[in-house]
Structure formats: C-alpha cells, structure tokens
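Peer 1: Model the following, please.
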Amino acid sequence: MFFSFNLFASQCFDRIVKTVVPCVFCITEREATHLGIFLAAFLEPLVKWVSSKSAYRKEAEAKPGFLVQPFAKPDSKKAEFRQFRAVFSSWHKKIVRK
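Peer 2: The predicted structure is shown next:
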C-alpha cells in the first residue's frame, strides 16, 4: 500500500502530520472536506497497526519503509511495535492539538 523502493513510509506519515494537518486553519470548507477524506484514508492503516501487534508485524514491520535508520540497508533494524506506538502517539497528539 505505502511501500515503494526508497520510500520510507514512517517518514512520509511524519511529514504529512507535520505539514498538512496544520493547514486546516487556512483552507476553505470544501478543501477541509477533501483533507478530511485524505486523512481518513491516510490514518486507516496506522490505526489498524497501532491496535494490533500482529497486523503491524505482518503489514508494516516487515517492509523496508519502517527502518529505524532511513537509507540503511534493507536488512537493517526495523521499528518495533512499541516504537511505532510511541511515534503514533506523538502524531496523534499533533493532530489533536491543531
């Protein structure tokens, strides 16, 4: 779904939360509707992964987009479930605070 060669999904999610979500106060109602649709689709797999360790391991942890060190070798250390939950929590706080 979010996995492509040299695309780091965790960085992509992080960048969207930090740059797109704050824009909600500067857009029209119609744009906000479209942003809401985008964010719902964007957050769907994240919510699934944060609520299920087995889903995270199967769908995210096994992929190269969840390396702890971006641009490291594909067999490098991947983000563990607890690390992902911590990052997800920080993303959630940023979204809720905005």
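Peer 1: Help me confirm that residue 59 comes into contact with residue 50.
Peer 2: No - Residue 59 lies out of contact with residue 50 (CB atoms under 8 Å); the separation is 11.8 Å. All C-beta atoms are positioned from the backbone trio N, CA, C, and that covers glycine.
Peer 1: ok, those two, which is more surrounded?
Peer 2: Neighbours per residue, other CB atoms under 10 Å: of residue 59 and residue 50, the larger number sits with residue 50, 20 against 17.
Peer 1: Could you verify my assumption that the more buried one touches residue 83?
Peer 2: No - applying CB under 8 Å, one finds residue 50 not in contact with residue 83, separated by 11.5 Å.
Peer 1: how about the helices of the protein, start to end?
Peer 2: For the chain, applying DSSP state H gives helices covering 9-19, 29-51, 53-56, 81-97.
Peer 1: any idea how far the spatially most central residue of the chain lies from residue 29?
Peer 2: Note on the chain: the residue nearest the mean C-alpha position is residue 13, at 3.2 Å, using CA atoms, centre = their mean. Here residue 13 is placed at a distance of 26 Å from residue 29 (CB to CB, to the nearest Å).
Peer 1: and what of residue 95?
Peer 2: For residue 95, the distance to residue 29 - CB to CB - is 19 Å.
Peer 1: who has more neighbours, those two?
Peer 2: Taking neighbours as other CB under 10 Å, residue 95 and residue 29 compare with residue 95 leading, 14 against 6.
Peer 1: For that one, give me its contacts.
Peer 2: By CB atoms under 8 Å, 6 or more residues apart in numbering, the contact set of residue 95 is 17, 21, 39.
Peer 1: Neighbours of the last one, how many?
Peer 2: Neighbour count of residue 39, defined by other CB under 10 Å: 16.
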